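**Student:** Task: produce atomic coordinates for the following.
(chains A and B)
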Amino acid sequence: MQMTMIEALNSALSLELERDQRVVVLGQDIGVNGGVFRVTEHLQKKFGVQRVFDTPLAESAIVGSSVGMAVYGLRPVAEIQFAGFLFVCMNQLVSQAARIRFRSGGVYTCPLVVRSPYGGGVRTPELHSDSVEGVFLQTPGFKVVVPSNPYDAKGLLASAVADPDPVLFLENIKLYRSFRQETPEDYYTIPLGKAKTVQEGEDVSVFAYGAMVPVALEAAKKAQQATGTSVEVIDLRTIWPLDEEAIVASVEKTGRAVIVHEAPRAGGVGSEVIAVINEHCLYSLLKPIERVTGYDTPFPVPGLEDYYLPMPAKVLDAIKRVMES
Amino acid sequence: MTIQQIDSGMTAYQILDVEGNLVGAMPKLSTERILALYRAMHLGRALSNKVVALQRQGRATTFGSLVGQEATSVGLAAPLQPQDWLTTSYREIASLVVKGVPLSTLIYSFRGFTAPYPKETHCLPIQIVIGTQMPHAVGLAMAAKIAGDPVVAVGVCGDGATSEGDFNEALNFAGAFQVPVVLVVQNNGWAISVPRARQSAASSFAARGPGFGVPSVLVDGNDLFAVYDVMQQAVERARSGQGPTLVEALTYRTGAHTTADDPTSYRDEADVEAWRAKDPVVRLQRFLIKSNLLTEEQNQALIDAVEAEINRAADEALAQPVPAPDAFFDYTAANLSPRLQAQRQDLLHYATHQQNGRR
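**Tutor:** Modelled structure (predicted):
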């Protein structure tokens, strides 16, 4: 069936609620309203207010009570309405959810999924567009997943719910309805921690995730047309832990690397990918690695956001630079 | 229109006065049970004193004593059944003991090592971040309600925690979802050096209940019978589907915040002495002796037996082997990523250079 990412995520949640009585879905406006983006539409009607419920407006207690529910044996899927609000509940995410297994010596676990929309390009108000994932690279115990298309979104969310540890599941707002894709109505999973080669190539590896995957693909197409450059595009899909094997294998093949993300440049996924390449396959490199990222400023106001977001032309320039002899 | 300051006018519920006289109706407790709870209070005190001593000898890490708060710590856990959950801060070690966490496990943890509590005790590990455990208790109760289990969760924090967002969010969730939870504020007068008066202008923390639509009660926290009675009622209210309760227990931290704290720099010794006169252990002891439930000789024998039990537990905890150097990699995740496996090997490679850090 042709699905948008919204529909694919809704299908995944519906199947989880159907398959596993332990699954509960909670958050702000996720009940009758079906979520501000409609990811949870009709779920409350189908599965009842006991399992799909609105909460008071309090991010820390949404995550904190989910920690309690997860310890008890449920499988909560909590929505934080926008990723920019994740900082309100950082203690419950970082110091609690991610550390229950550790603190209790494995007696208790926290199989919790926190879903949150992120990313720019749709003219949202301040703090509705931020890409905050870099922060979670320093959060031992958390996995961070960022799908780039409906098919992956559904399979990755199924794996996130099944995972024995907490998962932060970041959904790009711009991708929510930007295209449809053939997506099975039945249950399936896509493993966490595995990148996907979305386009094979020989000359340069471009690493991206979320909304930057289509941007990278467009740049790759232009590079092929303009200079005949064969670009390999790798969708990281899980950004923590990184699929180091896939990163290294690709760079060993191409000898050139470009990393694209819309999050700020410093200390982020790009920095970590560069470090991985440096540690494992530096001598495969023919040229210095390029990063195409957001700026180290706050995410701009909606009227200026297009100047902030990496665009295909910018990725293309980076590809050209690494291809210069 | 009138803007008004509403005074809840709450006074602390009491059953035993300072002299150990009954001033209220005794909760239904057998003599055997009363003596067991009295013994648990002594255990809490002796355990605290032992760990402080171990810390002074360099054999335990920073520790917060519960001395002065034994009635609240024991009384809040006593009405709980095995399937009931307890989430605490670091101050409620006697509650954990009552719930079944072994003394040697606790002492081993204070040596600075991970010491898993037996799963059947249904106690979360002590919480360090102030107030954070309160939403966890509410979440456990939400799950129990969803699952339809006759299970109650109790969350305990101190007076300082009432200023935290998590405390207020937890109270609000408890009311909004009408879950089987009891939220207990152990008001011991101090958040390290900051007095109770600085935390809130309200006359009591229990007075916050009405604002959240949660029934609440103020209780003399140095009166074991009163704490037990209030908790018994609150726990049974929760279990029978009548929703959450907020309990404020008025007590006092007669010792330092932790072994790293010197309270003489910020509080008047005369105030501490005034509270020592209301000592919860002495109060119950007076009652027991007056009521001929305990003789002076039996009391001394009990104290000696508790002392011996604590010493045995300490010996056991000190004899327990230290964990392997790479043990902290365990339980970071269900499965260690290749990167973490490599980092673990790195640690093991250099472990022999780091023997000084281990005790």
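
**Student:** how about the helices in the stretch 101-250 of chain A?
**Tutor:** Applying DSSP state H, counting those that start in this stretch to the stretch 101-250 of chain A gives helices spanning A:150-162, A:212-227, A:244-254.

**Student:** Going by neighbour count, list what's buried in the shortest one.
**Tutor:** So that's helix A:244-254. Neighbour-count burial for helix A:244-254 flags A:E244, A:A246, A:I247, A:V248, A:A249, A:S250, A:V251, A:K253, A:T254 (criterion: 16 or more other C-beta atoms under 10 Å in any protein chain shown). C-beta: built from backbone N, CA, C; applies to glycine.

**Student:** hmm, back to that, and among the helices of the stretch 101-250 of chain A, the most buried is which?
**Tutor:** Neighbour counts (mean count of other C-beta atoms under 10 Å in any protein chain shown) averaged over each of the helices of the stretch 101-250 of chain A peak at helix A:150-162, with a mean of 24.

**Student:** Which strands and helices lie in contact with it?
**Tutor:** If you count contacts as 3 or more C-beta pairs under 8 Å, 6 or more residues apart in numbering or on different chains; DSSP states H and E, helix A:150-162 packs onto helix A:5-19, strand A:113-118, strand A:143-145, strand A:167-172, strand A:181-182.

**Student:** so it versus helix A:5-19, what angle?
**Tutor:** Our comparison of helix A:150-162 with helix A:5-19, counting by axes from the mean of the first three to the mean of the last three C-alpha atoms, to 10 degrees, yields an angle of 30 degrees.

**Student:** relative to strand A:113-118, how tilted is helix A:150-162?
**Tutor:** 140 degrees.

**Student:** Run through who's touching helix A:150-162.
**Tutor:** Applying C-beta atoms under 8 Å, 6 or more residues apart in numbering or on different chains, the contact partners of helix A:150-162 are A:3-5, A:7-9, A:11-13, A:15-16, A:20, A:23, A:75, A:77, A:111, A:113, A:115, A:143, A:145, A:147, A:167, A:169, A:171, A:179-184, A:187-192, A:196, A:235, A:237-238.

**Student:** Show me just the buried residues among these.
**Tutor:** A:3-5, A:7-9, A:11-13, A:15-16, A:23, A:75, A:77, A:111, A:113, A:115, A:143, A:145, A:147, A:167, A:169, A:171, A:181, A:183, A:190, A:192, A:196, A:235, A:237-238.

**Student:** Keep these, but drop any that are not near chain B.
**Tutor:** Contacts with chain B are made by A:K143 out of those, judged by C-beta under 8 Å from any C-beta of the partner chain.

**Student:** helix or strand for B:V185, which one?
**Tutor:** strand B:181-187 (DSSP states H and E).

**Student:** what's the answer for B:H257, then?
**Tutor:** Short version: B:H257 belongs to no helix or strand, going by DSSP H and E.

**Student:** who are the neighbours in contact with the closest residue to it other than its chain neighbours?
**Tutor:** Spatial nearest neighbour of B:H257, chain neighbours left out: B:I192 (4.5 Å); criterion: C-beta to C-beta, 6 or more residues apart in numbering or on different chains. Contacts for B:I192 (C-beta under 8 Å, 6+ apart) come out as B:G160, B:H257, B:D261.

**Student:** Show the model's pLDDT score for the residue in the stretch 1-150 of chain A that chain B sits nearest to.
**Tutor:** In the stretch 1-150 of chain A, the residue that lies nearest chain B is A:G68 (2.1 Å; C-beta to the nearest C-beta). On the pLDDT scale, A:G68 is placed at 98.

**Student:** Contact partners for the nearest residue to it once chain neighbours are set aside?
**Tutor:** Excluding the flanking residues, the one nearest A:G68 by C-beta to C-beta, 6+ apart is B:G139, at 2.1 Å. With contacts defined as C-beta under 8 Å, 6+ apart, B:G139 is in contact with A:G64, A:S65, A:S66, A:V67, A:G68, A:M69, A:A70, A:V71, A:Y72.

**Student:** In a markdown table, list those along with neighbour count and secondary structure.
**Tutor:** A markdown table is the format used below for the contacts of B:G139 (neighbours: other C-beta atoms under 10 Å in any protein chain shown; DSSP: H, G, I helix; E, B strand; the rest coil):
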| residue | neighbour count | secondary structure |
| --- | --- | --- |
| A:G64 | 31 | helix |
| A:S65 | 32 | helix |
| A:S66 | 34 | helix |
| A:V67 | 30 | helix |
| A:G68 | 34 | helix |
| A:M69 | 29 | helix |
| A:A70 | 28 | helix |
| A:V71 | 26 | helix |
| A:Y72 | 24 | helix |
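
**Student:** residue closest to the middle of chain A?
**Tutor:** The residue lying closest to the centre of chain A (C-alpha atoms, centre = their mean) is A:V146, at 1.4 Å.

**Student:** any idea how far it is from A:T124?
**Tutor:** 18 Å (C-beta to C-beta, to the nearest Å).

**Student:** next one: B:G100
**Tutor:** For B:G100, the distance to A:T124 - C-beta to C-beta - is 51 Å.

**Student:** And A:N91, by the same measure?
**Tutor:** Taking C-beta to C-beta, one finds A:N91 at 26 Å from A:T124.

**Student:** any weak-confidence spans in chain B?
**Tutor:** B:354-359 (pLDDT under 70).

**Student:** show me the contacts for residue 188.
**Tutor:** Using chain A. Here A:Y188 is in contact with A:K154, A:G155, A:A158 (C-beta under 8 Å, 6+ apart).

**Student:** you looked at the wrong chain, it should be chain B
**Tutor:** Contacts for B:N188 (C-beta under 8 Å, 6+ apart) come out as B:G68, B:Q69, B:R91, B:G158, B:D159, B:G221, B:T251, B:Y252, B:R253.

**Student:** Would you write a PyMOL line that selects the buried entries of these?
**Tutor:** To isolate the buried ones among the contacts of B:N188 in PyMOL, judged by 16+ other C-beta under 10 Å, type:
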select buried, chain B and resi 68+69+91+158+159+221+251+252+253
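
**Student:** hmm, which two among the contacts of B:N188 are most spread apart?
**Tutor:** Using C-beta to C-beta, these span at most 13.7 Å, a distance reached by B:G68 and B:D159.

**Student:** And for the residue lying closest to B:D149 once chain neighbours are set aside, the neighbour number?
**Tutor:** Leaving aside its sequence neighbours, B:D149 sits nearest to B:Q83 (C-beta to C-beta, 6+ apart; 7.3 Å). Under the neighbour criterion other C-beta atoms under 10 Å in any protein chain shown, B:Q83 is assigned a count of 12.
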